[in-house]
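Starting from these lines, generate the structure:
(one chain, ligands or ions: 1)
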Amino acid sequence: MKITKTTIEGCLRVENTILEDDRGFFVETYRQSELSAALGRPYRFAQGNHSRSQPGVLRGFHTEPWDKLFYVASGTALCVVADTRPESPTFGRHERFLLGDEGTRDRVFIAEGLSNGFYTFSEVHYINDVSGEFTPEGRGGVIWNDPTLAIDWPVADPLLSEKDAGLPTLAQLHPDHSLVTAL
Ligand SMILES: Cc1cn([C@H]2C[C@H](O)[C@@H](COP(=O)(O)OP(=O)(O)O[C@H]3O[C@@H](C)C(=O)[C@@H](O)[C@H]3O)O2)c(=O)[nH]c1=O
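Numbering: from 1, shown residues only. Here you go, the predicted model:
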(Lines give C-alpha, C1' and ligand atoms only; values in the text may rest on other atoms or scores of the structure.)
Protein backbone atom coordinates (compact mmCIF):
# COMPACT_ATOMS: atom_id res chain seq x y z
CA MET A 1 0.00 0.00 0.00
CA LYS A 2 1.41 3.32 -1.06
CA ILE A 3 -0.13 6.56 0.16
CA THR A 4 0.87 9.66 -1.75
CA LYS A 5 0.06 13.32 -1.46
CA THR A 6 -1.57 15.16 -4.35
CA THR A 7 -1.31 18.83 -5.28
CA ILE A 8 -4.23 19.53 -2.92
CA GLU A 9 -3.50 19.57 0.82
CA GLY A 10 -5.74 16.96 2.46
CA CYS A 11 -6.24 14.85 -0.68
CA LEU A 12 -4.29 11.58 -0.70
CA ARG A 13 -4.10 8.71 -3.18
CA VAL A 14 -4.05 5.22 -1.64
CA GLU A 15 -2.49 2.80 -4.17
CA ASN A 16 -3.05 -0.88 -3.59
CA THR A 17 -1.51 -4.09 -4.81
CA ILE A 18 -3.84 -6.27 -6.87
CA LEU A 19 -3.30 -9.98 -6.24
CA GLU A 20 -4.66 -11.91 -9.22
CA ASP A 21 -5.18 -15.62 -9.64
CA ASP A 22 -7.38 -17.93 -11.73
CA ARG A 23 -10.45 -16.95 -9.69
CA GLY A 24 -10.12 -13.20 -10.09
CA PHE A 25 -8.33 -10.76 -7.81
CA PHE A 26 -7.95 -9.71 -4.18
CA VAL A 27 -7.04 -6.24 -3.02
CA GLU A 28 -6.74 -4.59 0.39
CA THR A 29 -8.28 -1.17 -0.21
CA TYR A 30 -6.87 0.49 2.91
CA ARG A 31 -5.31 -0.14 6.29
CA GLN A 32 -6.45 2.19 9.05
CA SER A 33 -2.99 2.21 10.70
CA GLU A 34 -1.26 3.23 7.46
CA LEU A 35 -3.82 5.91 6.75
CA SER A 36 -3.41 7.29 10.28
CA ALA A 37 0.39 7.33 9.86
CA ALA A 38 0.11 9.18 6.53
CA LEU A 39 -2.32 11.70 7.99
CA GLY A 40 -0.31 12.15 11.17
CA ARG A 41 -3.42 11.67 13.30
CA PRO A 42 -5.51 8.71 14.45
CA TYR A 43 -8.16 7.90 11.91
CA ARG A 44 -11.47 6.15 12.49
CA PHE A 45 -14.43 5.62 10.18
CA ALA A 46 -17.94 6.36 11.45
CA GLN A 47 -20.07 5.29 8.49
CA GLY A 48 -19.81 3.20 5.32
CA ASN A 49 -21.72 4.15 2.15
CA HIS A 50 -22.43 2.40 -1.15
CA SER A 51 -24.22 3.86 -4.16
CA ARG A 52 -25.06 2.43 -7.56
CA SER A 53 -25.33 4.77 -10.55
CA GLN A 54 -26.34 4.13 -14.11
CA PRO A 55 -24.05 5.26 -16.98
CA GLY A 56 -23.95 9.00 -17.65
CA VAL A 57 -24.65 10.08 -14.07
CA LEU A 58 -22.80 12.89 -12.33
CA ARG A 59 -22.97 13.14 -8.53
CA GLY A 60 -21.42 16.26 -7.02
CA PHE A 61 -19.76 18.51 -6.22
CA HIS A 62 -20.47 17.78 -2.57
CA THR A 63 -18.80 19.57 0.34
CA GLU A 64 -19.36 17.78 3.60
CA PRO A 65 -18.29 18.09 7.24
CA TRP A 66 -16.49 14.74 7.35
CA ASP A 67 -13.43 13.12 5.80
CA LYS A 68 -14.09 10.60 3.02
CA LEU A 69 -12.24 7.62 1.58
CA PHE A 70 -13.83 6.67 -1.71
CA TYR A 71 -13.44 3.78 -4.14
CA VAL A 72 -15.06 2.49 -7.30
CA ALA A 73 -15.80 -1.21 -6.75
CA SER A 74 -17.35 -1.86 -10.15
CA GLY A 75 -17.63 0.05 -13.42
CA THR A 76 -15.56 3.10 -14.29
CA ALA A 77 -15.89 6.66 -13.04
CA LEU A 78 -14.03 9.91 -13.44
CA CYS A 79 -13.70 11.17 -9.86
CA VAL A 80 -12.78 14.81 -9.35
CA VAL A 81 -11.70 16.48 -6.11
CA ALA A 82 -11.86 20.27 -5.96
CA ASP A 83 -10.37 22.60 -3.40
CA THR A 84 -13.28 24.89 -2.54
CA ARG A 85 -11.89 26.03 0.83
CA PRO A 86 -11.61 29.81 0.48
CA GLU A 87 -8.73 30.05 2.95
CA SER A 88 -6.68 27.39 1.13
CA PRO A 89 -3.63 28.40 -0.94
CA THR A 90 -4.83 25.94 -3.60
CA PHE A 91 -8.44 27.22 -3.66
CA GLY A 92 -9.88 26.50 -7.13
CA ARG A 93 -7.47 23.67 -7.97
CA HIS A 94 -8.74 20.19 -8.84
CA GLU A 95 -7.40 16.64 -9.14
CA ARG A 96 -8.82 13.94 -11.44
CA PHE A 97 -8.82 10.18 -10.79
CA LEU A 98 -10.04 7.53 -13.22
CA LEU A 99 -11.16 4.77 -10.86
CA GLY A 100 -12.62 1.30 -11.32
CA ASP A 101 -12.50 -1.37 -14.02
CA GLU A 102 -10.91 0.81 -16.73
CA GLY A 103 -8.96 2.89 -14.22
CA THR A 104 -7.19 1.99 -10.98
CA ARG A 105 -8.22 0.21 -7.80
CA ASP A 106 -6.87 3.15 -5.77
CA ARG A 107 -8.83 4.77 -3.00
CA VAL A 108 -8.83 8.52 -2.60
CA PHE A 109 -8.87 10.23 0.80
CA ILE A 110 -10.24 13.76 1.07
CA ALA A 111 -10.32 15.87 4.20
CA GLU A 112 -13.48 17.53 5.45
CA GLY A 113 -14.21 20.72 3.52
CA LEU A 114 -12.87 19.56 0.16
CA SER A 115 -15.47 18.95 -2.56
CA ASN A 116 -15.84 15.91 -4.77
CA GLY A 117 -17.94 14.52 -7.54
CA PHE A 118 -17.85 11.76 -10.11
CA TYR A 119 -19.09 10.97 -13.61
CA THR A 120 -20.00 7.39 -14.55
CA PHE A 121 -18.92 5.86 -17.88
CA SER A 122 -20.82 2.66 -17.07
CA GLU A 123 -22.93 1.33 -14.23
CA VAL A 124 -20.84 2.18 -11.16
CA HIS A 125 -20.78 0.88 -7.62
CA TYR A 126 -19.17 3.60 -5.46
CA ILE A 127 -17.96 2.80 -1.95
CA ASN A 128 -17.27 5.65 0.44
CA ASP A 129 -16.20 5.37 4.09
CA VAL A 130 -16.62 8.59 6.05
CA SER A 131 -15.48 9.93 9.42
CA GLY A 132 -18.84 11.29 10.58
CA GLU A 133 -22.39 10.00 10.71
CA PHE A 134 -24.71 11.61 8.16
CA THR A 135 -26.84 14.61 8.99
CA PRO A 136 -28.19 16.91 6.28
CA GLU A 137 -27.04 20.00 8.19
CA GLY A 138 -23.69 21.34 7.14
CA ARG A 139 -23.79 19.67 3.73
CA GLY A 140 -23.12 21.95 0.80
CA GLY A 141 -21.67 21.89 -2.66
CA VAL A 142 -20.74 23.62 -5.85
CA ILE A 143 -22.28 23.27 -9.30
CA TRP A 144 -20.56 20.54 -11.36
CA ASN A 145 -19.76 22.86 -14.32
CA ASP A 146 -18.57 25.79 -12.23
CA PRO A 147 -16.69 28.29 -14.46
CA THR A 148 -13.97 28.94 -11.87
CA LEU A 149 -13.19 25.24 -11.42
CA ALA A 150 -13.47 24.70 -15.23
CA ILE A 151 -13.43 20.89 -15.07
CA ASP A 152 -13.08 19.12 -18.41
CA TRP A 153 -15.93 16.63 -17.86
CA PRO A 154 -16.51 13.97 -20.58
CA VAL A 155 -20.03 15.21 -21.38
CA ALA A 156 -22.02 18.43 -21.27
CA ASP A 157 -25.35 16.87 -20.28
CA PRO A 158 -24.90 14.36 -17.42
CA LEU A 159 -27.83 12.99 -15.45
CA LEU A 160 -27.97 15.04 -12.22
CA SER A 161 -30.13 14.98 -9.12
CA GLU A 162 -32.43 17.95 -8.68
CA LYS A 163 -30.34 18.95 -5.67
CA ASP A 164 -27.06 18.86 -7.60
CA ALA A 165 -28.53 20.79 -10.57
CA GLY A 166 -29.36 23.62 -8.17
CA LEU A 167 -25.98 23.95 -6.45
CA PRO A 168 -24.34 27.41 -6.43
CA THR A 169 -21.20 28.56 -8.22
CA LEU A 170 -17.99 29.33 -6.35
CA ALA A 171 -18.51 33.00 -7.25
CA GLN A 172 -21.92 32.92 -5.54
CA LEU A 173 -20.43 31.24 -2.48
CA HIS A 174 -17.31 33.40 -2.22
CA PRO A 175 -18.02 36.60 -4.20
CA ASP A 176 -15.05 38.49 -2.75
CA HIS A 177 -12.40 35.83 -3.36
CA SER A 178 -9.61 37.11 -5.63
CA LEU A 179 -9.78 33.99 -7.84
CA VAL A 180 -13.45 34.42 -8.71
CA THR A 181 -13.26 38.20 -9.12
CA ALA A 182 -10.33 37.68 -11.55
CA LEU A 183 -12.60 35.83 -14.01
C1 LIG B 1 -24.69 10.99 1.81
C2 LIG B 1 -25.95 10.36 2.47
C3 LIG B 1 -27.18 10.49 1.87
N4 LIG B 1 -28.27 9.95 2.47
C5 LIG B 1 -29.58 10.08 1.81
C6 LIG B 1 -30.01 11.47 1.44
C7 LIG B 1 -30.84 11.22 0.19
O8 LIG B 1 -32.15 10.87 0.58
C9 LIG B 1 -30.21 10.00 -0.46
C10 LIG B 1 -29.28 10.35 -1.61
O11 LIG B 1 -28.42 11.39 -1.16
P12 LIG B 1 -27.51 12.17 -2.20
O13 LIG B 1 -28.32 12.49 -3.41
O14 LIG B 1 -26.88 13.33 -1.50
O15 LIG B 1 -26.43 11.07 -2.54
P16 LIG B 1 -25.12 11.21 -3.42
O17 LIG B 1 -25.36 12.22 -4.50
O18 LIG B 1 -24.70 9.87 -3.83
O19 LIG B 1 -24.07 11.84 -2.38
C20 LIG B 1 -22.77 11.36 -2.38
O21 LIG B 1 -22.07 11.93 -3.49
C22 LIG B 1 -20.72 11.51 -3.63
C23 LIG B 1 -20.08 12.35 -4.69
C24 LIG B 1 -19.96 11.43 -2.36
O25 LIG B 1 -18.74 11.42 -2.38
C26 LIG B 1 -20.70 11.16 -1.10
O27 LIG B 1 -19.96 11.62 0.02
C28 LIG B 1 -22.09 11.75 -1.09
O29 LIG B 1 -22.01 13.16 -0.98
O30 LIG B 1 -29.48 9.34 0.57
C31 LIG B 1 -28.20 9.27 3.66
O32 LIG B 1 -29.21 8.78 4.20
N33 LIG B 1 -26.99 9.12 4.26
C34 LIG B 1 -25.84 9.63 3.70
O35 LIG B 1 -24.73 9.48 4.27
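
Get me the contact residues on this structure for the ligand.
Residues of the chain lying close to the ligand by CB under 6 Å from any ligand atom are 49, 51, 59-60, 62, 64, 68, 70, 116-118, 128, 134, 161, 163. Just so you know, the C-beta spots here come from the backbone N, C-alpha and C atoms, and that holds for glycine as well.

Restricted to buried residues, select those residues in ChimeraX.
Here is the ChimeraX selection string for the buried members of the residues of the chain next to the ligand, based on 16 or more other CB atoms under 10 Å:
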select :59,60,62,64,68,70,116,117,118,128
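
Please name the nearest non-neighbouring residue to the closest residue to the ligand within the chain.
Proximity of the chain to the ligand (CB to the nearest ligand atom) peaks at residue 134, 3.2 Å away. Distances taken as CB to CB, 6 or more residues apart in numbering place residue 47 nearest to residue 134, at 6.3 Å, with adjacent residues excluded.

Make sure the one you found is actually in contact with residue 133.
Yes. Using CB atoms under 8 Å, residue 47 makes contact with residue 133 at a distance of 5.2 Å.

Tell me which of those two has more neighbours.
Legend: neighbour count by other CB atoms under 10 Å for residue 47 and residue 133, higher for residue 47 (12 against 8).

So what sits opposite that one in the bridge?
Judged by DSSP bridges, the bridge partners of residue 47 are residue 130.

Could you tell me what pLDDT the model assigned to it?
pLDDT for residue 47: 98.

Same check on residue 77?
Looking at residue 77, its pLDDT stands at 98.

Where does pLDDT dip in the chain?
Residue ranges of the chain with pLDDT under 70: 182-183.

Helix or strand: which one has the residue most central in space within the chain?
For the chain, the residue sitting closest to the mean C-alpha position, by CA atoms, centre = their mean, is residue 116 at 3.7 Å. Taking DSSP states H and E as the criterion, residue 116 maps to strand 115-120.

got a list of contacts for that strand?
Applying CB atoms under 8 Å, 6 or more residues apart in numbering, the external contacts of strand 115-120 come out as 53-63, 68, 70, 72, 75-84, 99, 108, 110, 124, 126, 141-142, 144, 153-155, 158, 164.

Drop anything exposed from those.
For the contacts of strand 115-120, a burial check counting by 16+ other CB under 10 Å picks out 53, 57-63, 68, 70, 72, 75-84, 99, 108, 110, 124, 126, 141-142, 144, 158, 164.
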